[in-house]
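>>> Quick one, what's the 3D model for this:
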Amino acid sequence: MLSRKMNSGSCIGISSMKPCCNVLIHGRNSSIFGCTFLKRTHFTESNLSKSQLKLNYLMKTNCSYRNRGLTFRSVIDSNRSVFCCSDSNWGQSKPFSVEKNIKFVSVIANVASNIRNHSTSVESRVNENSFEKIYIQGGFNVKPLEIERIKEDQDLVGKDEEKDKAYNFDPNANTDRGSRILDPTLGRNVSEVEKEAWKLLREAVVDYCGNPVGTLAAIDPADKQPLNYDQVFIRDFVPSALAFLLNGEGEIVKNFLLHTLQLQSWEKTVDCYSPGQGLMPASFKVRAAPLEGRNGEFEDVLDPDFGESAIGRVAPVDSGLWWIILLRAYGKVTGDYTLQERVDVQMGIRLILKLCLADGFDMFPTLLVTDGSCMIDRRMGIHGHPLEIQALFYSALRCSREMLTVNDSTKNLVVAINNRLSALSFHIREYYWADMKKINEIYRYKTEEYSTEAINKFNIYPDQIPGWLVDWIPETGGYLIGNLQPAHMDFRFFTLGNLWAIVSSLSTSEQSQGILNLVEEKWDDLVAQMPLKICYPALEQEEWRIITGGDPKNTPWSYHNGGSWPTLLWQFTLACIKMGRPELARKAVAVAEKRLPLDGWPEYYDTRYGRFVGKQARLHQTWTIAGYLTSKMLLDNPELASTLFWNEDFELLENCVCGLKNGRRKCSRRSARSHTAV
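From the prediction side, this is the model:
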């Protein structure tokens, strides 16, 4: 057992993460338990003890071939003689002497609590209360010290040879990323389109310290100004991650999850204001930074963006939600649940939930967010309680409930999750649903009802029903509207929110079938010549000018304003498989398959029916490529799809605080309130 006391004889946790890179101190007062680090420029050989000189030499001589000439330096307390070292098995640590046994040690990331690095379960390794006191109340905003033991060069070369052989890698062939791959066929006949897509996806892979950590947003060879498309986005990487997972490649996903976790809660500010602790970045970039005083030597640096560089300077609400969803998918597909049991991962989940479940002024169980905080990342009139965020929030809560280690310090959090799940599901199913029957109800609403028994709870004015909806809504089927808040219902159809409501069982089974019925009935509007419309209909004329501010990129039927996004294909496929209607997904995939390779795998399509490549669309857009591949693999292996969606939680319905079955109008506010602390 690891000692919980922080003294000179305690062990610093050793992670089996592979990346080997420099210590990068980003916090102004970064320290390990009160011991302030020297600046990077002060780590010279003159500062090191005899044992540290030896370690520094080993780092410089053993790493360069693995990391394209990168150099590495260590930060080690000279008074600490024993460290814990992990082998390839997670959580199996043993002490070793720095002087005698160590062959190579790398210090990575950005330093804080040693406890955050143990690859062990929460219950067996650390007292949760003390951990929270150290990490949260102590105000550490920097990342953990992680140390990895790597064997001699001979062992490294031997392991690389074994890995190359397993990956069908020819050392004499072209050594790009595309050649180091698992066979993507998985026993199936793969079309030329799929082969091209796999090749492009491999080319988009980003390495950090010699290990894959994600995929670039786009790799358009003709793009002279990539802007932030040369970064790894959490949102964008999800379909890439699923493609790799379904193909039996989990390493890149594991690396991505751990490294983005290390970026969580950095001291990033917008006009001197810091976002809440636990915020996940929208994206990060791997860049080679020159080492000060080392001519021609570089180090890999992860540079995250929390919204301070975004178009509207908006923090990404959905990044943390997607991270939790992907973490669960990794465990379900690979069967490796040790990752989600790690103390640092458990704390990462809890910090995200702490942000989402914090008490505020809002009266609704939905999350209150601003425009631009999700996939629609520009002003499009979705501020308030957009459906997309609510569906992802519901999914993340269900994932967290599955993955959280339940003990004395988390039981109140689990209660809060259950209460929020029941209230959220009732709220969305009851008030966001729109079909012919519900629209007829709204059409006859009375307004200015002050009673607690009011039918028109949100004071919706019947004149808000748009003219296009009256003629568009079919007799059968329906959908979840885009937004709801006082005196406002956004009746636009938002595809991602509706599809993810199906996937997560946020919508009832009847509603889920109704959504797919609507898509089938309105195929020419929502799918047409390129699946799928991000929203329908587009904002036009004066409405477009007022709501978007005259956004030149979000012109009608372009980009987020009614544009067609092929990446939505994989979520449509997953929803169709769940509801037993894969034929709809096959039809949509066939439409996309004919055009995507010919058009260069663009980011989005323009015009009402998706006939033109988007006027500002990047080509070789990675999540377009990955969305297609994931859809194909899900259709060929529908049994794998069941690991990625959620079935109805009947226990949740039985205990629903709002009474889904009986007494709908008598909601128990006292029970619904998250009265327990996170």
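
>>> which stretches of the chain have low pLDDT?
1-188, 265-271, 275, 655-678 (pLDDT under 70).

>>> rerun that using 90 as the cut-off
1-190, 221-225, 227, 264-278, 291-297, 306-315, 359-363, 450-453, 650-678 (pLDDT under 90).

>>> top helix in it by residue count?
For the chain, the helix that runs over the most residues, judged by DSSP state H, is helix 411-431.

>>> quick one: strands adjacent to the helix or strand following it?
Sequence-wise, the next helix or strand downstream of helix 411-431 (DSSP states H and E) is strand 433-435. Paired strands of strand 433-435, with direction, are strand 478-485 (antiparallel) (DSSP bridges).

>>> Can you check what angle separates the partner strand from helix 411-431?
Interaxial angle, strand 478-485 versus helix 411-431 (axes from the mean of the first three to the mean of the last three CA atoms, to 10 degrees): 110 degrees.

>>> which is the next helix or strand following strand 478-485?
strand 488-494.

>>> which residues of the stretch 151-300 of the chain fall in strands?
Assigned by DSSP state E, counting those that start in this stretch, the strands in the stretch 151-300 of the chain fall at 205-208, 211-215, 232-233, 283-290, 298-305.

>>> Just tell me which of those strands ends up closest to Thr495.
With CB to CB as the measure, strand 232-233 is the member of these nearest Thr495 (19.0 Å). The way it works is simple: take the backbone N, C-alpha and C, and place the C-beta from them, glycine included.

>>> and the closest one, what does it pack onto?
Counting contacts by 3 or more CB pairs under 8 Å, 6 or more residues apart in numbering; DSSP states H and E, strand 232-233 packs against strand 211-215, strand 283-290.

>>> Kindly recompute the last result at 10 Å.
Applying 3 or more CB pairs under 10 Å, 6 or more residues apart in numbering; DSSP states H and E, we find strand 232-233 packed against strand 205-208, strand 211-215, helix 251-263, strand 283-290, strand 298-305, helix 622-636.

>>> Pick the most buried one from those.
Of all the helices and strands packed on strand 232-233, helix 622-636 carries the top mean neighbour count, a mean of 26, counting by mean count of other CB atoms under 10 Å.

>>> Following it in sequence, what is the next regular element?
helix 638-641.

>>> what's downstream of that next one, the next helix or strand?
Following helix 638-641 in sequence order, the next helix or strand is helix 650-654 (DSSP H and E).

>>> Against which helices or strands is that following helix packed?
Short answer (3+ CB pairs under 10 Å, 6+ apart): helix 650-654 packs on helix 411-431.

>>> Can I get the helix it packs on in PDB, CA atoms only?
Output of helix 411-431 as PDB, limited to C-alpha atoms (Å, rounded to 0.1, in the frame of the first residue of the first chain):
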ATOM      1  CA  LYS A 411     -22.600   9.000  -2.200                       C
ATOM      2  CA  ASN A 412     -24.100  12.500  -2.000                       C
ATOM      3  CA  LEU A 413     -22.900  13.200  -5.500                       C
ATOM      4  CA  VAL A 414     -24.600  10.000  -6.800                       C
ATOM      5  CA  VAL A 415     -27.800  11.200  -5.100                       C
ATOM      6  CA  ALA A 416     -27.600  14.600  -6.800                       C
ATOM      7  CA  ILE A 417     -27.000  12.800 -10.200                       C
ATOM      8  CA  ASN A 418     -30.100  10.600  -9.700                       C
ATOM      9  CA  ASN A 419     -32.200  13.600  -8.800                       C
ATOM     10  CA  ARG A 420     -31.000  15.700 -11.700                       C
ATOM     11  CA  LEU A 421     -31.500  12.800 -14.100                       C
ATOM     12  CA  SER A 422     -35.100  12.200 -13.100                       C
ATOM     13  CA  ALA A 423     -35.900  16.000 -13.200                       C
ATOM     14  CA  LEU A 424     -34.100  16.500 -16.500                       C
ATOM     15  CA  SER A 425     -35.800  13.600 -18.300                       C
ATOM     16  CA  PHE A 426     -39.200  14.700 -17.200                       C
ATOM     17  CA  HIS A 427     -38.600  18.300 -18.200                       C
ATOM     18  CA  ILE A 428     -37.300  17.500 -21.700                       C
ATOM     19  CA  ARG A 429     -39.900  14.800 -22.400                       C
ATOM     20  CA  GLU A 430     -42.800  17.000 -21.200                       C
ATOM     21  CA  TYR A 431     -41.900  20.500 -22.300                       C
END
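
>>> Check which residues of it are buried.
Within helix 411-431, the residues that qualify as buried are 413, 416-429, 431, counting by 16 or more other CB atoms under 10 Å.

>>> Check which helices and strands the longest helix of the chain sits against.
Applying 3+ CB pairs under 10 Å, 6+ apart, we find helix 411-431 packed against helix 343-356, helix 387-403, strand 478-485, helix 495-504, helix 509-521, helix 650-654, helix 669-672.
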